[in-house]
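Colleague: Let me see the structure of the following:
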Amino acid sequence: TMEKTPSIFTAATTTTTTTSVAVRRTGPLEKQTCPVYVALSKTPLRFEPVTMNSKDEVQKVCYDEVNQHVFVIKDNYQIVRVLPVCSENFRIKFSGGNPLTSLRFSLDVKTLAIRRTTRSLSFVNFEVGGNQQEFAQACKTKSTAQLKDFYWTGKDEILYLTSHGLELYFINVGRRNAKLLKSITLSVSFAVYCSTCNLLVVASTLEGNVFYPFFISQGSIAKVPKIQIELPIVTTSNAHPKFTSADVSVFEVYGEPYIFVVKNNPKAFTGHKAEIVMYKVTREKVVKCHILALAQHGRFLINIVDNIIIVHRQASQETFVFDILSPHQRIEQSFALGHSSSSSSLSKSGKTNKFISFHRSLVQPCSIPPLNIKRKPWQKSSHKETFDVLPYSKNWLSFLPDVIVDPKIGALWRIGLQLENFLPVFGDKVNLIDFLLRRKNTRNLVLDVLHDEVKEGHKVETTRIGELFDVITLALSQEESSSGIVHEKVTQQDLMKDFLVPLRDRKDVTPKVFVAVVLQLVRSLNQYNIKVEHHIFELVIESLVETKRFYQLHQFLQYHVIDDSKPVACLLLSLERKYPPALQLALDMFKRLGNSQDEIFHVLLSENQYMSAMRYVRRLGRDVAIQTPGYRLLQTAQDEGKTAEFLVAFKFFRTRDKTMRDFDNKLQIERFQKYFDSIHNNTY
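Modeller: Numbering: from 1, shown residues only. So this is what the prediction gives:
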């Protein structure tokens, strides 16, 4: 058997490259190729498969989703080969004892928990220099309790799931003892656990349709009101319907913990033949929120990649893709109490959510063709180095969020998305960009969508582009919130460098259209209170000057369509020769900025306006923040040979308060005094 552990498999793996897996739509008469929507890791993690030889020597394989460990138990349970997905593998040798049923390392990978019996766990310290002698801890609360499963909820806290309830222990491997922190008595049918959100869901009753959710963290167990799930309809082929652990899973989607319940409807049912019901769990209640509609009955495997729910149907070899936030695939919304074909959302308190969203697959059902992987030494000898693997094998197991394991051939894959092939799926580019921004590493795809909107041969609709900018800037304005929606950030630099500049350089785009597009971006940024970066305004100014639309530029500055900034003011100064009023516009902008005394003084000196510079310094009085204005003005006048201006300026600064720091030192004053005396004597 392949032990399945109820915790998560994190994003990091040794396999960084993925290979596109061709997928097919299946029709009644033929199979037609379609775009690739999912991908499997190019090089799967390989391990010795589950076997039993003629001597009844069992080889068992366990997988720990939390620490990404594959445990291969061999040699009559005496040797365990540990294959971490992210590091080098190693071996553990045991000297006798009962057969190993399952193993899991603590979250800091320093303590190994071993299950050998149905009553207790053994613990081994793997910390360097620690005592590695095993010690055991049996179930405490009930003498008849049987240990069903166990979960590490912290680096030194472990939860026992027994036939009579829950027991939370603190493990002190240094002192080789365990302390019971909390216990809850409860009839247990099965349970599922997600370490990402610390949520345990215990199914009670023989039918497994009464769920008790618990949040477990830091030595405490917080109980959420129970919820009773409506069982599938009784039919002749299913006289005693019930839920098992294969029908229920727990994981986060967009930062919210959900319970996933797979439900097959009767064959005579007129609606969708199967559905996955999603219940959102908070600390106050459990609410039914979403239903993923499936067209056929069967066994389904679930993966979650980048908040996209991927559902595999093994019988028909099909894969479905769902996004609960995409309006593109939402069928309808219905009152919870009015939906009789799905599970009831009533909790113990009788409360229900107002609406349930029904969803269909984003894409047409797709199939994964046979895979080809390398042959390993433990496999039967063959002249071929590779062999084909049948997809959707009955041996396949799925582990949330993104792992597929075939224990019979000994292979572990990760599933990825080929997001570039989702672009044609959306007819509305606003919904498409919204979809892409909820995914990771989609910046280039978003820019591709913008370029497609303004591609050559098509009329550029600035209002439509503004709607696309609104989606981008909205995501840019939002930080990661409690909702857990992390938006891909397409920055103003990205938009300028990879969209606006190429658009400006195109011959078929007129400057008038280009300016209109940039102003749509400015409007959108202002709408969400995002400060427009100066380089965006510089594009507008340069385009207006290039086409000699100075009147429009003047109006943009006068009515503050273009925000004040020092870089923009400096750009205006550089345009003085082409447009002389730009000098005064720049000075006015510096003045409005309020922190540009030095820049204004420098501009006046560069324009040889010495009297204006002196009047500006005098008007500032003690609020002057210009560095050594006296030295700079006198030195400039001396260098330019402006003797009259030098004489007036020297008298002005000589009579000023000595604490104004118009000069760096007395030597400068003495040098200017000598020059003053020489030209004064010659003049008068």
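Colleague: Hmm, residue 589 is touching residue 558, no?
Modeller: No. Residue 589 is beyond contact range of residue 558, at 10.9 Å (criterion: C-beta atoms under 8 Å). The C-beta positions use only the backbone N, C-alpha and C, and glycine is treated the same way.
Colleague: For these two, indicate the residue with more neighbours.
Modeller: Neighbours were counted for residue 589 and for residue 558 using other C-beta atoms under 10 Å; residue 589 has more, 23 against 11.
Colleague: Can you point out the helix or strand that includes the more buried one?
Modeller: Counting by DSSP states H and E, the element that carries residue 589 is helix 582-593.
Colleague: buried ones in that helix?
Modeller: Applying a neighbour-count criterion of 16 or more other C-beta atoms under 10 Å, one finds 582-583, 585-590, 593 buried in helix 582-593.
Colleague: now for that helix, which elements pack on it?
Modeller: Packing partners of helix 582-593 (3 or more C-beta pairs under 8 Å, 6 or more residues apart in numbering; DSSP states H and E): helix 550-558, helix 566-574, helix 597-606.
Colleague: Going by neighbour count, list what's buried in the longest one.
Modeller: Judged by neighbour count using 16+ other C-beta under 10 Å, the buried positions of helix 597-606 are 597, 599-605.
Colleague: I'd like the helices and strands packed on helix 582-593 as a markdown table, with distance to residue 292 and mean pLDDT appended.
Modeller: Shown next, in a markdown table, are those (distance: least, C-beta to C-beta, whole Å; pLDDT from 0 to 100):
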| stretch | distance to residue 292 | mean pLDDT |
| --- | --- | --- |
| helix 550-558 | 50 | 88 |
| helix 566-574 | 51 | 83 |
| helix 597-606 | 60 | 72 |
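Colleague: sec struct for the nearest residue to residue 35 once chain neighbours are set aside, please.
Modeller: Of all residues beyond its chain neighbours, the one nearest residue 35 is residue 421 (3.8 Å), with distances taken as C-beta to C-beta, 6 or more residues apart in numbering. Here residue 421 is recorded as helix under DSSP: H, G, I helix; E, B strand; the rest coil.
Colleague: Got the confidence number for residue 421?
Modeller: With respect to pLDDT, residue 421 scores 89.
Colleague: I'd assumed residue 37 was in contact with it.
Modeller: Yes. With contacts counted by C-beta under 8 Å, residue 421 reaches residue 37, the gap being 5.7 Å.
Colleague: Tell me which of those two has more neighbours.
Modeller: Neighbours were counted for residue 421 and for residue 37 using other C-beta under 10 Å; residue 37 has more, 24 against 17.
Colleague: mean confidence score for stretch 105-113?
Modeller: The average of the pLDDT scores along stretch 105-113 is 88.
Colleague: nope, stretch 47-55 is what I meant
Modeller: Computed over stretch 47-55, the mean pLDDT rounds to 64.
Colleague: Residue 244 and residue 463, how far apart?
Modeller: Distance of residue 244 to residue 463, computed by C-beta to C-beta, to the nearest Å: 54 Å.
Colleague: swap in residue 370?
Modeller: The value you get for residue 370 to residue 463, if C-beta to C-beta is used, is 49 Å.
Colleague: swap in residue 405?
Modeller: Distance from residue 405 to residue 463, by C-beta to C-beta: 51 Å.
Colleague: who has more neighbours, these two?
Modeller: A direct count of neighbours by other C-beta under 10 Å for residue 405 and residue 463 places residue 405 higher, at 24 against 8.
Colleague: Okay, and the beta partners of that one?
Modeller: For residue 405, the beta-bridge partners under DSSP bridges are residue 397, residue 412.
Colleague: How about the contacts made by it?
Modeller: 2, 63, 396-399, 411-413 (C-beta atoms under 8 Å, 6 or more residues apart in numbering).
Colleague: Please tabulate these in JSON lines and include distance to residue 228 and neighbour count as additional columns.
Modeller: Shown next, in JSON lines, are the contacts of residue 405 (distance: C-beta to C-beta, whole Å; neighbours: other C-beta atoms under 10 Å):
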{"residue": "2", "distance to residue 228": "31", "neighbour count": "16"}
{"residue": "63", "distance to residue 228": "32", "neighbour count": "24"}
{"residue": "396", "distance to residue 228": "31", "neighbour count": "20"}
{"residue": "397", "distance to residue 228": "28", "neighbour count": "17"}
{"residue": "398", "distance to residue 228": "26", "neighbour count": "20"}
{"residue": "399", "distance to residue 228": "28", "neighbour count": "24"}
{"residue": "411", "distance to residue 228": "39", "neighbour count": "23"}
{"residue": "412", "distance to residue 228": "36", "neighbour count": "25"}
{"residue": "413", "distance to residue 228": "37", "neighbour count": "24"}
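Colleague: ok, of these, which one's closest to residue 220?
Modeller: Taking C-beta to C-beta as the measure, residue 220 lies nearest residue 399 of the contacts of residue 405, at 27.2 Å.
Colleague: Please look at residue 389 and residue 370 and confirm they touch.
Modeller: Yes. If you go by C-beta under 8 Å, residue 389 and residue 370 touch, sitting 6.4 Å apart.
Colleague: higher neighbour count, the two?
Modeller: residue 389 (19 against 10).
Colleague: Can you check the pLDDT for the more buried one?
Modeller: Looking at residue 389, its pLDDT stands at 80.
Colleague: Quick check: closest non-adjacent residue to it.
Modeller: Residue 389 sits nearest to residue 371 (C-beta to C-beta, 6+ apart), 4.3 Å away.
Colleague: That neighbour: what's it in contact with?
Modeller: Shown in contact with residue 371 (C-beta under 8 Å, 6+ apart): 21, 40, 388-389, 391.
Colleague: repeat for residue 167
Modeller: 139-141, 159-160, 180, 182-183.
Colleague: how about a cut-off of 6 Å?
Modeller: Shown in contact with residue 167 (C-beta atoms under 6 Å, 6 or more residues apart in numbering): 141, 160, 183.
Colleague: same thing with residue 207?
Modeller: By C-beta under 6 Å, 6+ apart, the contact set of residue 207 is 231, 242.
Colleague: Recalculate using a threshold of 10 Å.
Modeller: Neighbouring residues of residue 207 by C-beta atoms under 10 Å, 6 or more residues apart in numbering: 189, 228-229, 231, 240-243.
Colleague: With residue 591 instead?
Modeller: 564, 569, 597, 599-600, 616.
Colleague: let's see 7 Å
Modeller: Contacts for residue 591 (C-beta atoms under 7 Å, 6 or more residues apart in numbering) come out as residue 600.
Colleague: how near is it to residue 597?
Modeller: Taking C-beta to C-beta, one finds residue 591 at 9 Å from residue 597.
Colleague: same thing with residue 431?
Modeller: From residue 431 over to residue 597 the distance is 50 Å, taken as C-beta to C-beta.
Colleague: From residue 415, how far out is residue 642?
Modeller: Distance, residue 642 to residue 415, by C-beta to C-beta: 76 Å.
Colleague: residue contacts, residue 121?
Modeller: Contact analysis of residue 121 by C-beta under 7 Å, 6+ apart lists 113-115, 136-137, 150.
Colleague: right, and the pair among those with maximum separation?
Modeller: Using C-beta to C-beta, the two most remote members of the contacts of residue 121 are 136 and 150, lying 12.7 Å apart.
Colleague: Save the buried residues of helix 582-593 as CSV, and put in pLDDT too.
Modeller: Formatted as CSV, these follow (pLDDT from 0 to 100):
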residue, pLDDT
582, 83
583, 81
585, 86
586, 82
587, 81
588, 82
589, 84
590, 80
593, 80
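Colleague: what are the phi and psi angles of residue 118?
Modeller: With angles defined as degrees, to the nearest 10, residue 118 sits at phi -90, psi 10.
Colleague: Can we start the residue count at 57 from this point?
Modeller: Sure, I'll start counting at 57 from here, so that last one is residue 174.
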